[in-house]
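Asker: have a look at this fold, sequence not included:
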């Protein structure tokens with residue numbers, strides 16, 4: 001039986017407390033605290049090397065902090081700054097990866113429906129569980145959501161196209177569209193404006209405002225920072241030797 005990862009929606013939680021990360025003999029993050037609520041928007045700002053990417057890795061569970069705690073409930077996706085240069089996948093393969101749970105939920109529902117029709121023991125409960133999972137994922141609408149996001153970001157929608165034949169910017173757009181269409185509880189975006197035109201930055205910001213997912217954007221891009229100036233933000237600044245303070249959340 002396939003194990004599905006279901007979104008937590010209103011029950012989703014993403015918090016970190018007193019996080020410290022040391023790298024190469026220096027403290028990259030010190031005493032960082034953050035609480036990302038369902039549907040909220042956050043900007044993590046600061047110049048290069050201030051720990052923005054490191055914080056996203058910590059929140060995503062890809063990096064264990066040297067000190068502090070991280071708590072996650074719900075589904076999460078991280079868009080890193082870089083994407084593989086040599087990529088044998090097609091656009092369709094990439095979409096399928098992000099919609100894997102939705103696809104599996106619909107297959108499980110079909111299987112449960114057959115078992116129910118055949119009056120197998122436990123068939124009624126299995127069908128009810130499968131139906132609830134499909135509804136939670138809104139699985140029937142998953143492909144349409146991705147198609148809408150692809151169109152909105154001006155991304156390639158031909159699912160037979162090889163990613164390796166596309167420019168970095170075009171691949172970025174496809175990834176962003178998949179992240180938006182998959183409806184994760186949390187989206188962590190690391191410098192998402194890389195390789196995007198000014199017009200597409202505005203379209204991306206509009207899409208991020210519209211999504212139901214909670215969004216954390218790490219950026220030093222001036223236009224992006226201006227576009228998200230109304231969001232709560234966490235400013236990461238360099239620590240002076242002996243300084244004991246921590247970066248504090250503030251509203252821009």
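Answerer: Now that the structure is in, tell me what you want to look at. Values in this document were obtained by computation on a predicted structure and should not be read as measured data. Residues are numbered from 1 along each chain as shown.

Asker: low-confidence stretches in the protein?
Answerer: Scanning the chain for pLDDT under 70 picks out 1-2, 238-252.

Asker: center of it - which residue?
Answerer: By Cα atoms, centre = their mean, the chain has its centre lying nearest to residue 187, at 2.5 Å.

Asker: work out for me the element it sits within.
Answerer: strand 186-190 (DSSP states H and E).

Asker: can you list contacts of that strand?
Answerer: Residues outside strand 186-190 that contact it (Cβ atoms under 8 Å, 6 or more residues apart in numbering): 12, 14, 36, 52-53, 56, 59-60, 72, 74-81, 176, 179-180, 208, 211, 213-218. (C-beta placed from N, C-alpha, C; glycine too.)

Asker: the same query, at a cut-off of 6 Å, please.
Answerer: Applying Cβ atoms under 6 Å, 6 or more residues apart in numbering, the contact partners of strand 186-190 are 14, 53, 56, 59-60, 76-81, 179, 213-218.

Asker: quick one: buried ones out of those?
Answerer: Buried residues within the contacts of strand 186-190, counting neighbours by 16 or more other Cβ atoms under 10 Å: 14, 53, 56, 59-60, 76-79, 179, 213-218.

Asker: show the contacting residues for residue 211.
Answerer: residue 180.

Asker: can you give me the end-to-end distance of stretch 52-72?
Answerer: End-to-end distance of stretch 52-72 (Cα to Cα, to the nearest Å): 19 Å.

Asker: that one: which residues count as buried?
Answerer: Buried, per 16+ other Cβ under 10 Å, within stretch 52-72: 52-60, 63, 65, 68, 70, 72.

Asker: which ones among the residues you listed lie within helices?
Answerer: Among the buried residues of stretch 52-72, the members found in helices (DSSP state H) are 52, 53, 54, 55, 56, 57, 58, 59, 60.

Asker: as a markdown table, these with distance to residue 132 would be great.
Answerer: Listed next are those as a markdown table, based on distance: Cβ to Cβ, whole Å:
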| residue | distance to residue 132 |
| --- | --- |
| 52 | 38 |
| 53 | 37 |
| 54 | 38 |
| 55 | 35 |
| 56 | 32 |
| 57 | 33 |
| 58 | 32 |
| 59 | 28 |
| 60 | 27 |
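
Asker: pick out the most distant pair among the residues you listed.
Answerer: By the measure Cβ to Cβ, 52 and 60 form the most distant pair in these, at 12.9 Å.

Asker: next, count neighbours for residue 26.
Answerer: Residue neighbour count, defined by other Cβ atoms under 10 Å, stands at 9 for residue 26.

Asker: could you check how far it is from residue 155?
Answerer: The spacing between residue 26 and residue 155, counted by Cβ to Cβ, to the nearest Å, is 39 Å.

Asker: what do you get for residue 173?
Answerer: Residue 173 sits 4 Å away from residue 155, going by Cβ to Cβ.

Asker: and residue 208, which of the three is it?
Answerer: Following DSSP: H, G, I helix; E, B strand; the rest coil, residue 208 is assigned to helix.

Asker: need the strands for the stretch 101-250 of the chain, in chain order.
Answerer: Secondary structure of the stretch 101-250 of the chain by DSSP state E, counting those that start in this stretch: the strands cover 186-190, 214-219, 232-235, 249-251.

Asker: adding distance to residue 87, write these out as JSON lines.
Answerer: Output for these, formatted as JSON lines (distance: least, Cβ to Cβ, whole Å):
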{"stretch": "strand 186-190", "distance to residue 87": "18"}
{"stretch": "strand 214-219", "distance to residue 87": "23"}
{"stretch": "strand 232-235", "distance to residue 87": "32"}
{"stretch": "strand 249-251", "distance to residue 87": "37"}
